[in-house]
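Student: next one to model:
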Amino acid sequence: MESDDDEYEEIEQYNDKLLSEFKDWLAGKGLSPKTIDKHLSNVSFFINDYLLYNDDIEAQDGIPEVSMYLGYWFIKKALWSSPATIKENAASLKKFYQFMLEKGEITKEDFSELKNTIKENMPEWIATMERYLDEDIEDMDEVWGF
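Tutor: Residues are numbered from 1 along each chain as shown. Below you'll find the model as predicted:
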């Protein structure tokens, strides 16, 4: 039986391999090194900090987590979060999961779910971020819509 630490390390090692392959995939698409680095940073934060921090979730199983990530966790945990970085992260995750689709790690249905989640929830994620940044709102329940 594997310990949680072993599972965590296996996922982390696999994530490193995925990120290296993703970097090559992005380079093959003709993106600039600066853009590639931004996508890698965004995806790494999602798969290594959020997914592993939560429950040792593997990258290919992360699509159902995107809404909680961009609509709550990223806003609270990333000191650099803003409406623009939420949009940037969504774009990075779309590229990453397009790569995962081409690699055969996820299905077309999974990828469609991701795109729909982003399209449908982006306005609320941005509104939540704006409320979070609003110094006039003192009650955090108002930020999160409770």
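
Student: ok, and the helix or strand in the chain with the lowest average confidence?
Tutor: Taking mean pLDDT, DSSP states H and E as the measure, the chain has helix 52-55 as its least confident helix or strand, at a mean of 79.

Student: alpha carbons only: can I get it in PDB?
Tutor: Taking Å, rounded to 0.1, in the frame of the first residue of the first chain, the C-alpha atoms of helix 52-55 are listed here in PDB:
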ATOM      1  CA  LEU A  52      -1.800  18.600  -5.000                       C
ATOM      2  CA  TYR A  53      -2.600  20.900  -2.100                       C
ATOM      3  CA  ASN A  54      -6.200  19.800  -2.100                       C
ATOM      4  CA  ASP A  55      -6.300  16.000  -2.500                       C
END
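
Student: what is the subsequent helix or strand relative to it?
Tutor: Using DSSP states H and E, the helix or strand that follows helix 52-55 in sequence is helix 66-68.

Student: which residues of the chain score low on pLDDT?
Tutor: Residues of the chain that meet the criterion pLDDT under 70 lie in 1-4, 146.

Student: fine by me, we can end here.
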